[in-house]
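Enquirer: got a sequence here, can you build the structure:
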Amino acid sequence: MQLQHIPLDQLKISPLNMRHGRKNPDISDILPSIRARGIQQLLRL
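Expert: Numbering: from 1, shown residues only. Modelled structure (predicted):
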């Protein structure tokens, strides 16, 4: 194994990176419930 130094300007984000270019979540299946009742979340003490 060989250590290689790469200048920062040569680094690129991989298209396989899950966090890059993240799509909005699909909420179409729960959207009618949210519209009818709102978002319900338990209070934490």
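Enquirer: what about the strands in the chain?
Expert: Counting by DSSP state E, no segments of the chain form strands.
Enquirer: show me where it has its helices.
Expert: Secondary structure of the chain (DSSP state H): helices at 31-37.
Enquirer: for it, which residues score under the pLDDT cut-off?
Expert: 18-21, 45 (pLDDT under 70).
Enquirer: quickly note the distance from P15 to I6.
Expert: To I6, P15 is 18 Å away according to CB to CB, to the nearest Å. For glycine as for every other residue, the C-beta is placed from the backbone atoms N, C-alpha and C.
Enquirer: I misspoke; the intended subject was L31.
Expert: 45 Å.
Enquirer: neighbour-wise, which of those two wins?
Expert: L31 (10 against 7; other CB atoms under 10 Å).
Enquirer: contacting residues around that one?
Expert: L31 sits next to no residue when contact means CB atoms under 8 Å, 6 or more residues apart in numbering.
Enquirer: would you check how far apart it and L43 are?
Expert: In terms of CB to CB, L31 sits 24 Å off from L43.
Enquirer: same check, this time on N17
Expert: According to CB to CB, N17 stands 36 Å off from L43.
Enquirer: okay, the two: which has more neighbours?
Expert: Ranked by neighbour count (other CB under 10 Å), N17 and L43 place N17 first, with 9 against 4.
Enquirer: what sits against that one?
Expert: Counting by CB under 8 Å, 6+ apart, N17 touches no other residue.
Enquirer: what's the distance between it and I27?
Expert: The gap separating N17 from I27 is 24 Å, by CB to CB.
Enquirer: L42 too?
Expert: The gap separating L42 from I27 is 19 Å, by CB to CB.
Enquirer: of the two, which one has the most company?
Expert: I27 (9 against 5).
Enquirer: what's around the closest residue to the more buried one other than its chain neighbours, how many residues?
Expert: Of all residues not flanking I27 in the chain, I34 sits nearest, at 7.2 Å (CB to CB, 6 or more residues apart in numbering). Close neighbours of I34, defined as other CB under 10 Å, add up to 11.
Enquirer: no more questions from me, cheers.
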